[in-house]
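1. pasted the sequence and its predicted model underneath.
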Amino acid sequence: MRVHFIAIGGSAMHNLAMALHQKGDQVTGSDDVIFEPSKSRLDRYGLLPEVFGWDPKKITEDIDAIILGMHAKEDNPELNKAQELGLKIYSYPEFLYEQSKNKTRVVIGGSHGKTTITSMILHVLHYHEKEVDYMVGAQLEGFDTMVHLTEDNDFMVLEGDEYLSSPIDRRPKFHLYQPNIALISGIAWDHINVFPTFDNYVEQFQVFVDSIVRGGSINYNAEDPEVVKVVENSENQIRKIPYTTPEYRVDNGETLLHTPEGEMPIEVFGAHNLSNLAGAKWICQHMGIDEDEFYEAIASFTGASKRLEKIAESSNAVAYKDFAHSPSKVSATTNAVKEQYKDRQVVACLELHTYSSLNAEFLKEYEGALNAADEAVVFYSPHAVKIKQLEEVSVDQIEQAFKRDDLIIYTNPDEFKSYLKQKDFTDSALLLMSSGNYGGLDFDEVKEMI
């Protein structure tokens with residue numbers, strides 16, 4: 001098959017391009033700008049465009065499928081040419097469904113935890129040499145790409161994102177997969193630029209549950225009241241299987257999971273990750289992995305990239321970085337680190353970087369999110385606010401939102417870096433939470449500080 005990617009440089013898009021190339025398809029693509037690591041990875045596979053920019057001449061009648069990325073605009077010249085020629089245009093999730101429509105589709109949804117749960121499932125399956133197709137939103141240890149497609153595998157495991165599919169398809173991605181087996185980990189309002197109200201956001205999960213293939217199943221977090229309401233109110237004829245956080249305890253910085261065979265040390269920590277583990281166990285059992293096999297494999301799971309990822313450690317200090325940016329994720333992650341390191345000073349640094357987090361109206365959702373930290377720091381760039389064309393956010397508004405008198409706030413990247421460099425991290429746990437990089441923070445320098 002001949003496939004052309006419009007906006008090939010995106011994190012998800014370039015991984016799909018590599019997966020199709022490995023499968024034997026003929027792949028081409030375009031983009032106006034491509035950053036690392038996408039650039040080097042595409043180059044390694046011979047898929048990096050020779051010239052950046054859009055060229056309608058690349059769009060010819062012999063192309064079997066156009067895959068359109070979110071980075072492209074509706075008036076993209078290559079998209080317009082493909083429409084003129086009547087070529088088949090897919091969004092990323094549409095194409096994944098097309099590739100998996102004859103397989104058993106396993107879709108992991110939820111405002112938080114879906115990447116970690118998907119990663120846990122794939123780690124366990126990989127450990128037991130069970131081959132499946134997959135798409136996950138983070139780079140995993142032992143996996144070359146974030147997408148893997150074959151003709152032969154029976155299962156396709158998909159991380160079910162609720163964000164939009166493409167510039168010309170405004171449906172949430174996870175509405176298109178029609179799962180046989182599904183999971184919802186939690187519902188906490190996110191993506192307010194697309195879903196302006198909480199009710200509108202919750203509705204997307206109702207549609208997801210109703211899209212599960214009749215006779216299929218859903219595992220759901222019974223400790224999240226919104227999830228319970230969405231799942232139990234659905235009239236879809238599916239099996240509904242709740243799960244809860246398993247028993248565990250923390251002993252001297254080590255998390256011990258209660259299992260039928262006794263306590264077992266695990267690498268991941270925090271109540272939210274233990275809840276994720278419970279959900280992953282159910283899904284693996286649906287896929288033919290029994291409980292003992294699951295525990296054997298999960299003991300060596302260290303986490304997905306940027307999800308409570310340990311970046312430095314010394315005899316008396318440790319540093320983690322985490323993708324957390326929404327209020328519920330920030331709270332869960334901060335609580336997890338404090339629970340794991342009760343006897344250390346937890347220094348939690350949050351960058352307000354996303355559209356939602358920089359929205360003056362949404363800021364109040366962060367009340368109490370950093371309360372578990374001994375020292376709490378918020379960094380944001382007024383320049384980023386301007387770029388996103390949002391109303392200016394003031395230091396005073398942030399102080400009011402977090403409701404913490406001793407909150408430290410930085411708006412200058414150099415001042416924030418100086419704060420970290422001058423800080424004594426003895427007997428501390430540093431937590432860096434952001435989907436950005438604090439205006440250019442070098443994480444290798446952080447390792448030297450620790």
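-> On my side now, so go ahead.
2. put the alpha carbons of stretch 89-99 into CSV.
-> The C-alpha trace of stretch 89-99 is given here as CSV (Å, rounded to 0.1, in the frame of the first residue of the first chain):
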residue,chain,number,x,y,z
ILE,A,89,-8.2,10.6,3.7
TYR,A,90,-7.9,9.1,7.1
SER,A,91,-7.4,10.7,10.5
TYR,A,92,-4.8,8.9,12.7
PRO,A,93,-7.5,7.0,14.7
GLU,A,94,-9.6,6.2,11.6
PHE,A,95,-6.5,4.6,10.0
LEU,A,96,-5.7,2.6,13.1
TYR,A,97,-9.3,1.3,13.2
GLU,A,98,-9.0,0.3,9.5
GLN,A,99,-5.9,-1.6,10.3
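3. and the contacts of that stretch?
-> Residues outside stretch 89-99 that contact it (C-beta atoms under 8 Å, 6 or more residues apart in numbering) are 12-13, 16, 65-70, 79, 82-83, 105, 133, 135, 147, 149, 156, 158, 165-166, 168-169, 173-174, 176-178. C-beta: built from backbone N, CA, C; applies to glycine.
4. now do the buried residues in it.
-> Judged by neighbour count (16 or more other C-beta atoms under 10 Å), stretch 89-99 contains these buried residues: 89, 90, 91, 92, 93, 94, 95, 96, 97, 99.
5. how much space is there between the last one and residue 370?
-> To residue 370, residue 99 is 42 Å away according to C-beta to C-beta, to the nearest Å.
6. next one: residue 434
-> Look at residue 434 and residue 370: by C-beta to C-beta, they are 13 Å apart.
7. what about stretch 89-103, distance to the chain center?
-> Distance, stretch centre to chain centre, for stretch 89-103: 20 Å (C-alpha atoms, centre = their mean, to the nearest Å).
8. quick one: mean pLDDT for that stretch?
-> The pLDDT scores in stretch 89-103 average 97.
9. next one: stretch 431-439
-> 88.
10. and the pLDDT for residue 388?
-> Looking at residue 388, its pLDDT reads 64.
11. and residue 288, what does it touch?
-> By C-beta under 8 Å, 6+ apart, the contact set of residue 288 is residue 130.
12. any idea how far residue 124 is from it?
-> Taken as C-beta to C-beta, the span from residue 288 to residue 124 is 11 Å.
13. what does residue 214 give?
-> If you go by C-beta to C-beta, the gap between residue 214 and residue 124 works out to 28 Å.
14. neighbour count: those two, which is higher?
-> Each of residue 214 and residue 124 has its neighbours counted (other C-beta atoms under 10 Å); residue 124 has more, 24 against 8.
15. name the residues that touch the helix or strand that contains the more buried one?
-> Here residue 124 sits within helix 114-127, counting by DSSP states H and E. Helix 114-127 is contacted by residues 106, 108, 110, 131-132, 134, 136-138, 140, 142-143, 157-161, 183, 185, 268, 273, 276-277, 279-280, 283-284, 287, 289, 293-294, 296-298, 300-301, 303-304, 307, 323 when judged by C-beta under 8 Å, 6+ apart.
16. restricted to strands, list the residues you listed.
-> Here DSSP state E is the test, and the contacts of helix 114-127 give 106, 108, 134, 157, 158, 159, 160, 183 as lying in strands.
17. farthest-apart pair in these, please.
-> Greatest spatial distance in those: 134 and 183, 14.5 Å, computed using C-beta to C-beta.
18. enumerate the positions of the lowest-mean-pLDDT helix or strand in the chain that are buried.
-> Every helix and strand in the chain was compared by mean pLDDT, DSSP states H and E; the lowest is helix 382-387, with a mean of 74. For helix 382-387, the neighbour count (16+ other C-beta under 10 Å) marks 384, 385 as buried.
19. then stretch 178-193?
-> Using 16+ other C-beta under 10 Å as the test for burial, stretch 178-193 gives 178-192.
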